[in-house]
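Asks: Next one to model:
(one chain, ligands or ions: 1)
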Amino acid sequence: MHNIPIITLDGPSGSGKGTISKLIAKHLNWHLLDSGALYRLVALVAEQHRINLTNGAAIAAVAVHLDVQFNTLDDTVQIVLEGEDVTLAISSEQCAMNASRIATHVLVRKALKARQRAFAKSPGLVADGRDMGTVIFPHAHLKIFLTASAEERANRRYKQLKNNSINASLPDVLADIKQRDERDLSRSIAPLKPAQDATLLDCTGMSISEVFAQLRSLIKIQDFKTQG
Ligand code: DC
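Replies: Numbering: from 1, shown residues only. Predicted coordinates for the structure are as follows:
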């Protein structure tokens with residue numbers, strides 16, 4: 001795995017890392033790991049099977065047996081769970097909140113580790129999450145920690161939900177983001193934090209194209225291109 005070039009993008013919900021990761025992966029023609037989607041999928045299946053979200057062992061079993069496919073279509077990724085397209089189902093705030101809850105279980109994180117590492121394939125991987133640079137790919141060639149103010153992240157998330165025709169109110173989205181930040185930051189296992197060797201970028205007030213431009217120069221994409 002160590003000879004596969006890897007870029008990690010970690011950060012809180014709504015920091016734009018998902019969009020930026022997609023742009024970088026597309027630009028480099030590399031694979032993409034949306035690790036948050038894995039946690040959301042596990043949360044969705046746990047809910048469908050009426051498993052208590054505090055039951056780490058039962059949820060870890062779901063994580064081990066997850067039958068999922070990520071299909072890259074032009075600018076989007078379609079997520080297929082046991083033959084059913086669940087891309088929209090896992091984008092809800094409820095699913096995100098449940099994902100944050102089940103992500104606190106050590107057994108669940110352990111169960112998803114190998115699955116996440118298996119995404120590291122030639123010519124390279126862009127990995128998006130909370131612990132990509134700290135736990136899953138500590139040897140990544142470049143680690144970025146993207147953040148923005150909670151208000152700005154809530155605004156972006158609110159617009160995203162509206163675009164997907166999902167009902168939401170801005171104050172609720174802000175409250176959810178703060179609650180999720182708190183849980184992701186304070187959990188004892190793999191908490192959300194920048195790796196020691198990560199580059200921090202606060203993108204409050206920046207557009208996606210400004211962030212992308214900054215990262216492009218930062219990550220010296222041309223260097224990676226020649227490695228790929
Ligand atoms: O990135 P996201 O919003 O789709 O992630 C949903 C939740 O999943 C997030 O609140 C915490 C959890 N998660 C995690 O614990 N570790 C990751 N690498 C990715 C997501």
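Asks: by contact count, what packs against the helix or strand harbouring F145?
Replies: Using DSSP states H and E, F145 sits within strand 142-147. Other helices and strands packing on strand 142-147, by 3 or more CB pairs under 8 Å, 6 or more residues apart in numbering; DSSP states H and E, are strand 6-10, strand 199-202, helix 208-218. In short, each C-beta sits where N, CA and C put it, glycine included.
Asks: pLDDT on the shortest one, on average?
Replies: It refers to strand 199-202. Mean per-residue pLDDT for strand 199-202: 94.
Asks: most neighbours per residue, which of the helices and strands packed on strand 142-147?
Replies: strand 6-10 (a mean of 27; mean count of other CB atoms under 10 Å).
Asks: Give me the neighbour count for whatever residue of the chain ends up closest to the ligand.
Replies: When scored by CB to the nearest ligand atom, the chain has G36 as its residue closest to the ligand, at 2.3 Å. Counted with other CB atoms under 10 Å, residues neighbouring G36 total 19.
Asks: Then the one 3 residues further on?
Replies: For Y39, the number of neighbouring residues by other CB under 10 Å comes to 25.
Asks: Are we agreed that it is in a helix?
Replies: Yes: under DSSP: H, G, I helix; E, B strand; the rest coil, Y39 sits within a helix.
Asks: What residues sit buried inside stretch 109-120?
Replies: For stretch 109-120, the neighbour count (16 or more other CB atoms under 10 Å) marks R109, A111, L112, Q116, F119, A120 as buried.
Asks: okay if I get those as TSV plus distance to W30, pLDDT and secondary structure?
Replies: Formatted as TSV, the buried residues of stretch 109-120 follow (distance: CB to CB, whole Å; pLDDT from 0 to 100; DSSP: H, G, I helix; E, B strand; the rest coil):
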residue	distance to W30	pLDDT	secondary structure
R109	24	97	helix
A111	25	97	helix
L112	21	98	helix
Q116	15	97	helix
F119	10	96	coil
A120	10	97	coil
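Asks: between these, which is nearest S15?
Replies: The closest of the buried residues of stretch 109-120 to S15 turns out to be Q116 (CB to CB; 19.1 Å).
Asks: Pull the contacting residues for the closest residue in space to that closest one that isn't next to it in sequence.
Replies: Counting by CB to CB, 6 or more residues apart in numbering, Q116 lies nearest to I136, which is 5.0 Å off, once chain neighbours are set aside. By CB atoms under 8 Å, 6 or more residues apart in numbering, the contact list for I136 reads T8, S35, K113, Q116, R117, A127, G129.
Asks: Dump the C-alpha coordinates for stretch 108-115 into PDB.
Replies: Taking C-alpha atoms only, stretch 108-115 is exported to PDB below (Å, rounded to 0.1, in the frame of the first residue of the first chain):
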ATOM      1  CA  VAL A 108     -17.300  -0.700  14.100                       C
ATOM      2  CA  ARG A 109     -14.200   1.400  13.300                       C
ATOM      3  CA  LYS A 110     -12.100  -1.800  13.400                       C
ATOM      4  CA  ALA A 111     -14.500  -3.600  11.000                       C
ATOM      5  CA  LEU A 112     -14.300  -0.700   8.500                       C
ATOM      6  CA  LYS A 113     -10.500  -0.400   8.600                       C
ATOM      7  CA  ALA A 114      -9.500  -3.100   6.000                       C
ATOM      8  CA  ARG A 115     -12.400  -2.100   3.700                       C
END
